[in-house]
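Engineer: Starting from these lines, generate the structure:
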Amino acid sequence: MTANTSTHKRIAFRLIILIVGIIYSNSLDCSWHFDDYPNIVWNTRLHLSDLYPQSLTQTFYTPTTGDPQSSGSLYRPISGLTFGLNWFLGQDQVFGYHVVNVMIHGLAGLLIYAIILLLLEQSPVPSFSQYEGHAPSIALLSAVLWAIHPIQTQAVTYIVQRMTSLAALFCLLSIYGYVRARITPSMPGRVLFFSLCMLSFGLAVGSKENSAILPAGILLIEIIFFRSRSEQNGHRKNTRNGNRLWLWCLTVLVLSALLGATWFFLNGNPLSILDGYDSRPFTLWERLLTQFRVLVMYLGQIVYPVENRLSFIHDVAISKSLTDPWTTLPAILLILSLAGTAVWKWKRWPIWSFAILFYFMMHSIESSIIPLELVYEHRNYLPSAFLFFPVSIGMVKLLNDYDRKSPLLKQVITLSIAALIMAMGIGTYSRNRVYQTEKSFWEDAIAKAPGMGRSYHNLAADHYEKMGMDDRAMQLYELSLQGKDMVPKHRAFTYNNMGNLYQKKKDYKKAIQHYQAARSIDPSDETTAYNLTVSTLGSGDSGKALQLIDQLLTSRPDHPEYLCLKGFILLKFNSDMQASTYFRKALKSNPYHVNSLFYLGLALIHDHNHAASEHFLKQAMRLAPNDIWIHFGRIELFSVLQNRSDLDMSLTRLFESFPLERIIKSMNSMRTDPLSPPLSYGIIAKNCKERLGNMACVLPNDD
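Structural biologist: Now for the predicted structure:
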């Protein structure tokens, strides 16, 4: 390695990191979005409090639903581990997660630079000698154009898509290891780099399953960049034979890896890859046809990445046939023409062919027959890694051609390239702003795809409900039901959320109507069934509520929430002993279930087991010190016990912890809301009035 080459590499590395750091600097405080919640924020398996091996390995089995009651299964363990480590260091503060995502993106850019540099300088293909002296510039320009492209923001700024970027990083490291193994003359060196290739491939698959297609990409590199082109007659035959043996070994390895990954991820049932079409608005054939148009859309976004073409949600019409919509057949012909030309001309245009074939190859899993969502921009992250390789060659060639012909034109071209880089960087920086808040995120999606209902639903749930603006949330839920993308499952979610809003308003009749609408669409959804049970109890029909909760317990007899609700209903019936049995069962499933601790404490007050009651109420208070009902429960207990010192302490803590308006409102609900805890209003009101003294007139009568 010459001093100039070494210096150029150091400058290139620093420049790539600097540029990535600048254009993603405004992403570090962007909020959580969409799949971030079930995969990270609500996923207790990732919430590490220590770094013991048992705690670390639990992140390998992160359930996709984020349900802490789920036993979990192996799911993207490497990605899960990194999220767990992030949680250990900063819990739910987004800064650390974004820092790691940006670092992964920067490292991926460095690997693209390193791979292209190796391919241009070390490949035995004779035609590559024309790039001698320009390889560092081509590699740097390729890496920078890829790293700053606005389409990458979904894989970098959207936190949960670290799964995509991390898998891509390890894929690129695997490619780097393979290329180094092919150009290293010594056997120990080859073994070392080939081991790096295999290890990185395993880490990539452990980050996201679609990395299983990588061996096909490596085979493509072998065919295009390492075919025998020796011009020395004495070594030509041996070189060809060696390359041919290497190619056959690699082909066998590729097929073995693909078959092994298929068997592992699909549990030995390849047809299970098609499971899920029953919840999609398209069939297998329709998805396959539509993906040709989606690929054309992706390529259009890469070529012309203006802000109004980028979105989290896209309104893409489903292709029903080759002519519906009419753009389906042209899209198919275009994609097949590009791929066919790349195969036909791979010897004449090796780098262009490699870029195109690698792009389509890396899209082949997510953009084919698997019943995933039709469009997501982050799917371009790895496929686009080498698309700017031939583009950069063209740019550098233009500069070189005009270096002598016309220095003025060379300056114009140089400024144009600089302007392109600046424009793309600004576009990425601007795109990051969309991710700042839930409101900006979903409003952007609505503006670009107003006919898609999920954006309205998520804006209502993730922003307006959290802000307490329930009326606006209800309006958005109504709009979401009209969306063309609202499959039955999504419509059921929306009806359930609308029911929640009515339940919050104590309008149990309308809440029941909406829960029943959701149940008519998706009878198997337990969340809606549970909410329906609560509203039925709130409406005063406790008998029906018992029937509904018993149905849930039939399918999930150990579920703490269901057991607790059954106990609560019985407690309302003054069946204290029966209720206590269910609360204890709930605590056996989850010893930290706050409501079960609290209600068991109340049941034991009624059963005159005051010592045990104090024990459980104390535990509940420790776990949920901001729950006003637990404060009331302790006041009732100490009043019954006539324990003046603890009663005074509990009253003091109540009035220090909550505003008077909140206390009065909660006390009123004891008499009016069937869902309020079965506390003694008279006892609590009497003690609060005594504490308030002259302010007692603001409290209602204790009749």
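Engineer: tell me the pLDDT at D703?
Structural biologist: Predicted confidence (pLDDT) for D703: 43.
Engineer: Adjust the sequence numbering to begin at 27 for everything that follows.
Structural biologist: Sure, I'll start numbering at 27, so the last one becomes D729.
Engineer: quick one: low-confidence parts of the stretch 477-626 of the chain?
Structural biologist: 602 (pLDDT under 70).
Engineer: so how far is T454 from the nearest residue to Y407 once chain neighbours are set aside?
Structural biologist: Excluding its sequence neighbours, the residue lying closest to Y407 (C-beta to C-beta, 6 or more residues apart in numbering) is A181, at 4.1 Å. No exception for glycine: its C-beta is placed from N, CA and C like everyone else's. Counting by C-beta to C-beta, to the nearest Å, the gap from A181 to T454 is 12 Å.
Engineer: again with M448
Structural biologist: Distance check for M448 against T454: by C-beta to C-beta, it reads 11 Å.
Engineer: neighbour-wise, which of the two wins?
Structural biologist: T454 (27 against 11; other C-beta atoms under 10 Å).
Engineer: any idea how far that one lies from P409?
Structural biologist: 18 Å.
Engineer: any weak-confidence spans in the stretch 627-729 of the chain?
Structural biologist: Scanning the stretch 627-729 of the chain for pLDDT under 70 picks out 720-729.
Engineer: again with the stretch 277-426 of the chain
Structural biologist: In the stretch 277-426 of the chain (pLDDT under 70), the answer is 277-299.
Engineer: mind listing the helices for it?
Structural biologist: Taking DSSP state H, counting those that start in this stretch, the helices of the stretch 277-426 of the chain run over residues 310-329, 354-370, 376-389, 414-431.
Engineer: got it, and the stretch 627-729 of the chain?
Structural biologist: Going by DSSP H, counting those that start in this stretch, the stretch 627-729 of the chain shows helices at 636-649, 654-667, 670-683, 686-698, 707-718.
Engineer: Name the nearest residue to G110, ignoring sequence neighbours.
Structural biologist: T85 is the one closest to G110 (C-beta to C-beta, 6+ apart), at 3.8 Å.
Engineer: Report the contact partners of the one you found.
Structural biologist: Listed by C-beta atoms under 8 Å, 6 or more residues apart in numbering, the contact partners of T85 are R71, L72, L74, P103, G106, L107, F109, G110.
Engineer: Just name the most buried of the helices of the stretch 277-426 of the chain.
Structural biologist: Most buried of the helices of the stretch 277-426 of the chain by mean neighbour count (mean count of other C-beta atoms under 10 Å) is helix 376-389; its value is a mean of 22.
Engineer: CA atoms only: put that one into PDB for me.
Structural biologist: Coordinates of each C-alpha in helix 376-389 appear next as PDB, following Å, rounded to 0.1, in the frame of the first residue of the first chain:
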ATOM      1  CA  PRO A 376     -19.700  -6.000 -15.700                       C
ATOM      2  CA  ILE A 377     -20.100  -3.200 -13.200                       C
ATOM      3  CA  TRP A 378     -23.500  -2.000 -14.500                       C
ATOM      4  CA  SER A 379     -24.700  -5.600 -14.700                       C
ATOM      5  CA  PHE A 380     -23.500  -6.300 -11.200                       C
ATOM      6  CA  ALA A 381     -25.300  -3.200  -9.800                       C
ATOM      7  CA  ILE A 382     -28.600  -4.100 -11.500                       C
ATOM      8  CA  LEU A 383     -28.500  -7.800 -10.700                       C
ATOM      9  CA  PHE A 384     -27.500  -7.300  -7.100                       C
ATOM     10  CA  TYR A 385     -30.300  -4.800  -6.700                       C
ATOM     11  CA  PHE A 386     -33.000  -7.200  -8.000                       C
ATOM     12  CA  MET A 387     -31.400 -10.200  -6.200                       C
ATOM     13  CA  MET A 388     -31.400  -8.500  -2.800                       C
ATOM     14  CA  HIS A 389     -35.100  -7.500  -3.400                       C
END
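Engineer: now it and helix 354-370, what's the angle there?
Structural biologist: For helix 376-389 against helix 354-370, the angle by axes from the mean of the first three to the mean of the last three C-alpha atoms, to 10 degrees is 130 degrees.
Engineer: Tell me which other helices or strands helix 376-389 touches.
Structural biologist: Helix 376-389 is packed against helix 240-251, helix 310-329, helix 354-370, helix 414-431, with contacts defined by 3 or more C-beta pairs under 8 Å, 6 or more residues apart in numbering; DSSP states H and E.
Engineer: if you set the cut-off to 7 Å instead, what comes out?
Structural biologist: Judged by 3 or more C-beta pairs under 7 Å, 6 or more residues apart in numbering; DSSP states H and E, helix 376-389 is in contact with helix 240-251, helix 354-370, helix 414-431.
Engineer: mind checking which of those is nearest I656?
Structural biologist: Nearest to I656, of all those, is helix 240-251, at 53.6 Å by C-beta to C-beta.
Engineer: Can I get the closest one as PDB, trimmed to CA atoms?
Structural biologist: Only the C-alpha atoms of helix 240-251 are listed here, as PDB (Å, rounded to 0.1, in the frame of the first residue of the first chain):
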ATOM      1  CA  LEU A 240     -26.700 -12.900   0.500                       C
ATOM      2  CA  PRO A 241     -24.900 -16.100  -0.700                       C
ATOM      3  CA  ALA A 242     -26.500 -15.500  -4.100                       C
ATOM      4  CA  GLY A 243     -25.100 -12.000  -4.200                       C
ATOM      5  CA  ILE A 244     -21.600 -13.300  -3.300                       C
ATOM      6  CA  LEU A 245     -22.000 -15.900  -6.100                       C
ATOM      7  CA  LEU A 246     -22.800 -13.000  -8.400                       C
ATOM      8  CA  ILE A 247     -19.600 -11.200  -7.300                       C
ATOM      9  CA  GLU A 248     -17.600 -14.400  -8.000                       C
ATOM     10  CA  ILE A 249     -18.900 -14.700 -11.500                       C
ATOM     11  CA  ILE A 250     -18.500 -11.100 -12.500                       C
ATOM     12  CA  PHE A 251     -15.300 -10.000 -10.700                       C
END
